[in-house]
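J.: Sequence first, predicted model second:
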Amino acid sequence: MSKLVLTEEETMLADMARGFLDGAAPLGKLRKMRDDGQRGDPALWKQMAEMGWAGVLVPEDAGGSDMGFTAANVIAQEMGKTLAVSPFISTAVMAATALRQVSDARAKQALARIASGEVTYALAVDEGVKHDPDATQMAARSDGNGFRLSGKKTFVVDGALADRLLVLARTADGLTLFDIPADRSGITRTASNMIDDRDAARIDFDDVEATGEDVLGQVDHAMDVLRPALQAGQAALAAEMTGLAAGAFGMTVGYLKERKQFGTEIGRFQALQHRAAHLWSETEVTASAILNAGRVLDETPGDATLAVSLAKARATATATLAVQEGVQMHGGIGMTDAYDMGFYMKRARVAAEWLGDYSYHAERVAALRGF
Amino acid sequence: MSTGQTSDGFRAELREWLKANCPVEMRDSGMSEDAICWGGRNWKFTSTAQEQWLNRCAEKGYTVPTWPKEYGGAGLTREQEKIFKQEMERIGARSPLESFGIWMLGPALLHFGSHDQKLEYLPPIARGEVRWCQGYSEPGAGSDLANVQTRGEDKGDHWLVNGQKIWTSYADKADQIFALVRTDREAPKHKGISFLLIEMAEGGVETRPIKMISGISPFCETFFTDVKVPKHRIVGEENRGWDVAKYLLTHEREMISGGGAGLSGGGRALGAVLNETLDTMGDTLRADAMRCEIDALAIGLTLERYKDQAEAGQGAGDASAMLKYMGTELNKRRHELMMTAGGSDALEWDGPVGNRAGDWLRTKANSIEGGTSEVMLSIISRRVLGLPA
Ligand SMILES: Cc1cc2nc3c(=O)[nH]c(=O)nc-3n(C[C@H](O)[C@H](O)[C@H](O)COP(=O)(O)OP(=O)(O)OC[C@H]3O[C@@H](n4cnc5c(N)ncnc54)[C@H](O)[C@@H]3O)c2cc1C
């Protein structure tokens, strides 16, 4: 396997991404969007598409930049630092990965439209309060040559604004994935008022018509297409959380050096020093798991469960610790809406839950390690 | 083998060699204290297989695979070293030799020693002929290591050393000791220390074993009374021993951290123990074990990443403190779990589950020896995070 160190190209990509995001989507932007009641930023996504980010996993012959999963993680990580709002993980990572599992003209065309930034996607998978694709109840009843979809999806991240949905539903002998426009008749989307101020929706499907053409992959075999997509998304989300943890941590260490009490910087107090040093150690260890997940997805994608679940579990634990310590070490100011730490904390909570929480991924690691 | 050889070629050749040369008795993944071969003048091999295995490896340079050939190593690249470890692990081969010479003094000599010193001291370490111990800590110099008071008086062609060390692991078994000795009592405390190499059999060195909570006595008090140390037995410059001491500590810390990442016995042992006790394991224990496993995997990847970084010239600087802290704290958690999984069986000395209690108690030292966890955190806060001292 390639080395656990970023290549020169990957390092340049990270630098470029950081430079771009600091200008186009700095930390304060999310606050402004919230205050303006705005949940998405189509202009920003267009710019990201122009830079090749929307097509990061789209083959070059479909107009993508095809940079691979490690590169996608590098971008996601930088987005985490400034809490940049975009449908990157839903569209550029998960939908693109799903579509790439299918090699027909329709999928290729869809990929091209992702790469150009024309079309955004959301994954409508979960139905309960916890991520659990296998528990899918929503029915896709056979009807002539096609299907009729009825049921409810929850926590569809990016779902209120997405142009298209990848919908997981139960068919006669298994699960099937449908790729349908979000405004098809019978679909009702209700935007959720999320704590992280980002787009998510509850979606009702009332006898929604789907044709055989709308099936992505094989009927009854959704997981062949969906599993790689979910894994890519989990890895990228873990990378985003690592960036988020780094952002919150940097802010905290900065504050330790600046805030004075008892006549000296609070960073001189060993009780705080040791907690900060511990947190840094955790972020370093997690960074290894993230890099490893990207490498494994690039090189042996069929065998990535352990690497991906390890990354998501570690990232969840580390980001959670980073925002908790972040608020605590800031004292009262950390609790104020006027200060940005709270935005990190709320996003960390949502990201922790999305695509499987710590226990979900820990169970996967445990199963693969034999207990 | 040449360094230009392909990885596959190297692997194939190594596999053949291991097949022909590693005695079956040495293929039990033995990691318990009494499976280790420490070498040294007084070493009594526990079997002819152990002796054969050491000698065959030493001949190829495989006791210290990455050291240069002229100093007794095999001159392996990091890629080849990885393959070497994988192939050894694949057949469950025991390490042919462990020692403080390999872990600590060797790296320090490779960095600070003169060519003559390297030629004199490294090959006997590689062949397991000379066993070293570490004379750093003193009753008044633990975490505050630079406070050492053992004294070396300049007598022209030698230093006359007087003083006391403590917690000297295996001092009673070692042939030589590398010691921090104060050679300038006027200078600030970091600037008056020299790194001396002292012959234990020389008149005036005395050791007294100390018993540990785990029942064994691996460490000692070491006393120096008018010990003559020739002037050429110094590493680095006079009064600049602190630089050597610190460099050596980074190697010591990385070595100790490896235990936590499951690169030594502890990791595999936990997996095996937990699998055996799956039926009786409660949910809480299982959850704790999962957490441990996740952390162990990620720390293992971090060791890997740091080596890759160092090789790519992107050194993370002083990462050893972090690895030591995380690795040892993990190892302690892991052994707590193994005790819990063992229940009452684990509470007997050498009972149905072997020396599990002894191993558990021994791990408590991991976060003390080589610098305590608190000291590691302070190093990180100052050197990495730049917080005020
Ligand atoms: C099994 C074992 C083997 C060893 N082998 C060797 C050996 O071969 N050679 C050798 O030279 N030494 C050896 N040591 C000694 C070891 O390096 C010391 O024990 C260690 O450095 C701690 O020193 P101390 O015991 O004096 O504890 P102290 O320094 O007295 O520490 C006591 C407590 O105070 C804390 N503390 C101290 N200073 C600070 C501070 N500034 N901030 C916050 N907390 C602080 C410590 O973390 C610790 O919790 C060994 C120790 C053990 C347990």
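T.: Yes, it's here.
J.: Which residue would you name as the spatial centre of chain A?
T.: In chain A, the centroid-proximal residue (C-alpha atoms, centre = their mean) is A:Leu237; its distance is 3.7 Å.
J.: so that residue makes contact with A:Gly356?
T.: No - between A:Leu237 and A:Gly356 there is no contact under C-beta atoms under 8 Å: 9.2 Å. For every residue, glycine as well, the C-beta is placed using N, CA and C.
J.: For the two, list the residues in contact with both.
T.: The contact sets of A:Leu237 and A:Gly356 overlap at A:Lys312 (C-beta atoms under 8 Å, 6 or more residues apart in numbering or on different chains).
J.: Summarise which helices and strands the one helix or strand A:Leu21 maps to is packed against.
T.: With secondary structure defined by DSSP states H and E, A:Leu21 is part of helix A:8-24. Contacts defined by 3 or more C-beta pairs under 8 Å, 6 or more residues apart in numbering or on different chains; DSSP states H and E place helix A:8-24 against helix A:42-50, helix A:69-82.
J.: Deepest in the core, which of those helices is it.
T.: Most buried of those, by mean neighbour count (mean count of other C-beta atoms under 10 Å in any protein chain shown): helix A:69-82, with a mean of 27.
J.: Please compute how far the next helix or strand after that helix lies from its chain's middle.
T.: Following helix A:69-82 in sequence order, the next helix or strand is helix A:96-100 (DSSP H and E). Put simply, helix A:96-100 sits 15 Å off its chain's centre (C-alpha atoms, centre = their mean, to the nearest Å).
J.: who's in contact with helix A:96-100?
T.: With C-beta under 8 Å, 6+ apart as the test, helix A:96-100 has contacts from A:55-59, A:64, A:107, A:110-111, A:114-115, A:166, A:177, A:179, A:216-217, A:225-226, A:228-229, A:232-233.
J.: So residue 134, which state does it fall into?
T.: As the question left the chain open, I've gone with chain A. State at A:Asp134, reduced to three classes by DSSP: H, G, I helix; E, B strand; the rest coil: helix.
J.: Let me rephrase: I mean chain B.
T.: Under three-state DSSP, B:Gln134 comes out as strand.
J.: count of residues packed around it?
T.: B:Gln134: 26 surrounding residues under other C-beta atoms under 10 Å in any protein chain shown.
J.: Next: A:Thr176.
T.: When counting by other C-beta under 10 Å, one arrives at 27 neighbours for A:Thr176.
J.: my read: it touches A:Val219, true?
T.: Yes - using C-beta under 8 Å, A:Thr176 is in contact with A:Val219, at 5.0 Å.
J.: one step back: the contacts of helix A:96-100 in helices, which ones?
T.: Among these, DSSP state H puts A:107, A:110-111, A:114-115, A:225-226, A:228-229, A:232-233 in helices.
J.: Which one (most neighbours) among the residues you listed?
T.: That'd be A:Ala232 among the ones in helices among the contacts of helix A:96-100, by other C-beta under 10 Å, with 29 neighbours.
J.: what about stretch B:41-56, how long is it end to end?
T.: One end of stretch B:41-56 to the other measures 18 Å (C-alpha to C-alpha, to the nearest Å).
J.: just stretch A:46-55 next, same as before
T.: End residues of stretch A:46-55 are separated by 11 Å (C-alpha to C-alpha).
J.: Take the ones in helices among the contacts of helix A:96-100 and write them to CSV, including pLDDT.
T.: Shown next, in CSV, are the ones in helices among the contacts of helix A:96-100 (pLDDT from 0 to 100):
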residue, pLDDT
A:Ala107, 96
A:Ala110, 98
A:Leu111, 98
A:Ile114, 98
A:Ala115, 98
A:Val225, 98
A:Leu226, 98
A:Pro228, 98
A:Ala229, 98
A:Ala232, 98
A:Gly233, 98
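J.: Could you work out the most separated pair of those residues?
T.: By the measure C-beta to C-beta, A:Ala115 and A:Leu226 form the most distant pair in the ones in helices among the contacts of helix A:96-100, at 20.7 Å.
J.: And chain B, what are its domain boundaries?
T.: Using automatic domain parsing, the domain ranges for chain B come out as B:7-98, B:132-239, B:243-384.
J.: Give me the three-state assignment for the residue lying closest to A:Arg268 once chain neighbours are set aside.
T.: Spatial nearest neighbour of A:Arg268, excluding adjacent residues (C-beta to C-beta, 6 or more residues apart in numbering or on different chains): B:Pro388 at 4.6 Å. Following three-state DSSP, we place B:Pro388 in the coil state.
J.: tell me which parts of chain A are close to the ligand?
T.: Applying C-beta under 6 Å from any ligand atom, we find that chain A lies next to the ligand at A:Gln270.
J.: any idea how chain A splits into domains?
T.: Following automatic domain parsing, one finds the domains of chain A at A:8-119, A:122-214, A:223-368.
J.: pLDDT on the shortest one, on average?
T.: Along domain A:122-214, the predicted confidence averages to a pLDDT of 97.
J.: And it, end to end?
T.: Taking C-alpha to C-alpha, domain A:122-214 runs 15 Å from one end to the other.
J.: sorry, back to before: packing partners of the helix or strand following the helix holding A:Leu21?
T.: Following helix A:8-24 in sequence order, the next helix or strand is helix A:27-35 (DSSP H and E). If you count contacts as 3+ C-beta pairs under 8 Å, 6+ apart, helix A:27-35 packs onto helix A:341-353.
J.: The helix or strand following the helix it packs on packs against which elements?
T.: With elements assigned by DSSP H and E, the helix or strand that comes after helix A:341-353 is helix A:358-368. Applying 3+ C-beta pairs under 8 Å, 6+ apart, one finds that helix A:358-368 contacts helix A:305-330, helix B:283-311.
J.: what does helix A:358-368 contact?
T.: If you take C-beta under 8 Å, 6+ apart as the criterion, helix A:358-368 is touched by A:130-132, A:234, A:305-306, A:308-310, A:312-313, A:316-317, A:352, B:286-287, B:289-291, B:293-294, B:297.
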